[in-house]
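Sequence plus predicted model, see below.
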Amino acid sequence: MSVAGRGKARILHLHSTFAAGGKELRSVRLINAFGPKVSHTIVSAEPERMEAAQHILRQIPVTYPRDFPALKGKPTPGRLQRLARAMQEYDLVLTYNWGAMNAVMAHTVFKDVFRLPSLIHHEDGFNEDERTRLKPTRNWFRKIALGRTNGLVVPSETLEGIALKVWEQPIGRVKHIPNGIDTKAFAKRPKPDALRGVVKRKGEFWVGTLAGLRPVKNLPLLVRAFRHLPEDWHLVIVGDGPERDAIRAEAEEYNVGHRVHLPGFASHPERYVGLFDVFALSSDSEQFPISLVEAMAAGLPVAAPAVGDIADMVSEANAPLIGPAGDESALARGLAQLAGDPDLRERIGQANREKARTSYDEKPMIAAYRRLYSSAMDNDALN
């Protein structure tokens, strides 16, 4: 049934996970921006990971069906057919990352048979198993599955290149939409106790990061790079995940456990990111990390590896502090340089804030997604 015939647009979201990570929270911001005139159905390939749901505004009509066909598993004809049938009642299907690729293939195979709605796929990066090299079988599967989508959205130039060259997608299908945030929300100076579980005390300085505690983030390396800083510097790692014990063990190994804090996941980063004096990343793989944009909007200098688009994301003043991936010494030098020079921190932080404001505000991002989704549904339900 058409949107006009039903009166309210219905969008189906098929996520690899709906944990409160970057791509999930971007999806939430878009859902909230579209308002209550659009209803949403959200499915996760990992049904137990639905933490992002708590950030959707109460007035938004949203459902989480328990009987939707599983997104994971071998792409047998029967599985693909069940997935395709489940898409029929919607006006637009949005899929996210490799974990939803079975649904993309189902749509391509059965689009005409079941008269399926338009589908737009989103790629934000890769799991640990494709950190250093994309799997040829997955590249082949993606190439075929994406063949009849109405769009392939990527946030980074790196992913855009992969989509065009490796997955051989036509240039008109690939949509490069950089991630955006509410940059004004990060401009306020937070209170010392704004971050639950740890209080910033007078005379302390913080190196901070926001990350899922997963192997690909390589947070033990960040601990090792940080260990050389003076006693008045602390490392605050905000996030949850399976690497917590490994990070804590690394801190104890180098006798900095009293200066390394793991407060867990904390929502609303605009309320506490400004407590950091330096923002750091140590990931082996990134694409266009939203946490980096948030740090820039808060006026922070950044020490990080040159993975994904990071080197191009930061301001020109910050570029010398972006080192090779996996290079502990380079990261340690960057942290030491920033820790020892408050004027440098201030100058780079202001340059980053200005670049975030002019290049990564959420208004252009939301407008770009609104145009893309509306075009795919061939109506103005999102306007």
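Structure received. Numbers count the residues shown, from 1 in each chain.

Could you look up the next helix or strand downstream of the least confident helix or strand in the chain by mean pLDDT?
Here the helix or strand of the chain ranked lowest by mean pLDDT, DSSP states H and E is helix 3-6, holding a mean of 43. Of the helices and strands lying after helix 3-6 in sequence (DSSP states H and E), the nearest is strand 9-15.

Using CSV, write down the CA coordinates of that following strand.
C-alpha atoms of strand 9-15 as CSV (Å, rounded to 0.1, in the frame of the first residue of the first chain):
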residue,chain,number,x,y,z
ALA,A,9,5.0,6.3,6.0
ARG,A,10,6.3,3.1,7.4
ILE,A,11,10.1,2.5,7.3
LEU,A,12,11.7,-0.9,8.1
HIS,A,13,15.3,-0.7,9.6
LEU,A,14,17.4,-3.9,9.5
HIS,A,15,20.5,-3.4,11.6
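
Mind listing the strands it pairs with, and their directions?
Partner strands and pairing direction for strand 9-15 (DSSP bridges) are strand 38-44 (parallel), strand 92-96 (parallel).

Next, the angle from the helix or strand just after it to strand 38-44.
Once the chain leaves strand 9-15, the next helix or strand it forms, by DSSP H and E, is helix 22-34. Computed by axes from the mean of the first three to the mean of the last three CA atoms, to 10 degrees, the angle separating helix 22-34 from strand 38-44 equals 160 degrees.

Please save the CA atoms from helix 22-34 in PDB.
The C-alpha trace of helix 22-34 is given here as PDB (Å, rounded to 0.1, in the frame of the first residue of the first chain):
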ATOM      1  CA  GLY A  22      27.900   5.500  16.100                       C
ATOM      2  CA  LYS A  23      25.700   4.300  13.200                       C
ATOM      3  CA  GLU A  24      22.900   3.300  15.500                       C
ATOM      4  CA  LEU A  25      22.800   6.700  17.200                       C
ATOM      5  CA  ARG A  26      22.900   8.400  13.800                       C
ATOM      6  CA  SER A  27      19.900   6.400  12.800                       C
ATOM      7  CA  VAL A  28      18.100   7.400  16.000                       C
ATOM      8  CA  ARG A  29      18.800  11.100  15.300                       C
ATOM      9  CA  LEU A  30      17.300  10.800  11.900                       C
ATOM     10  CA  ILE A  31      14.200   8.900  13.300                       C
ATOM     11  CA  ASN A  32      13.700  11.700  15.800                       C
ATOM     12  CA  ALA A  33      14.200  14.400  13.200                       C
ATOM     13  CA  PHE A  34      11.600  12.900  10.900                       C
END
